[in-house]
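Peer 1: Task: produce atomic coordinates for the following.
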Amino acid sequence: MRKKIAIMAILLITLAIAATTVSAEGKDSRDYLVSTTIVLIGDGGGKSAEAIPVKAGDYFKVVLYAAGGTGYEWVLENKDLKLVEAVDEFINPVDGAQNLPGGQVRWVFYLQLKADALGQETLQFALKRPWEPKAEPAQVFGLTVTAKE
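Peer 2: Model (predicted):
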């Protein structure tokens, strides 16, 4: 009986620790107070670039989906941004698709509009294989961010 109780106690403690541990990347979404979320599932249906207003200093996130296990990954193409700062990035399998080739995976980009930002800036995301730098991306997504007061 004591052995069963000890095993149950250890199991409960392990579950409690696992529930309070942050993601493998060292942070979780609660670290950023996100004001706006943009989600793109699939190829966007041929949509042109999205445009969003964001208050200077605010965080926003972009969530992009693609098939996992294909070697393709979403990347932020333009690194020389003036108004927006890329803060963090997570890659997570979608529920039930963990480690399944072709299962849906989500890329979450946390970005912040700089506190002194004025005007607008366009972000370019591309779905591509990192070892094929000269190949055309499988998909692209543009997002124009406008600083609002």
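
Peer 1: OK, contacts around Val140?
Peer 2: Neighbouring residues of Val140 by CB atoms under 8 Å, 6 or more residues apart in numbering: 124-127. The way it works is simple: take the backbone N, C-alpha and C, and place the C-beta from them, glycine included.

Peer 1: Buried ones among these?
Peer 2: Buried members of those, scored by 16 or more other CB atoms under 10 Å, are 125-127.

Peer 1: which stretches of the protein aren't confidently modelled?
Peer 2: When residues are selected by pLDDT under 70, those of the chain lie in 1-38, 40-49, 96-100.

Peer 1: all helices for it, in order.
Peer 2: Assigned by DSSP state H, the chain shows helices spanning 2-20.

Peer 1: so which of the contacts of Val140 comes closest to Tyr110?
Peer 2: Checking these against Tyr110 by CB to CB gives Phe125 as the nearest, at 13.5 Å.

Peer 1: Okay, and the beta partners of the closest one?
Peer 2: Bridge pairing for Phe125 (DSSP bridges) gives the partners Leu76, Phe141.

Peer 1: I'd guessed it sits against Asn78; true?
Peer 2: No - contact criterion CB atoms under 8 Å: Phe125 and Asn78 do not qualify, at 9.3 Å.

Peer 1: so what's in contact with these two at the same time?
Peer 2: Listed as contacting both Phe125 and Asn78 by CB under 8 Å, 6+ apart is no residue at all.
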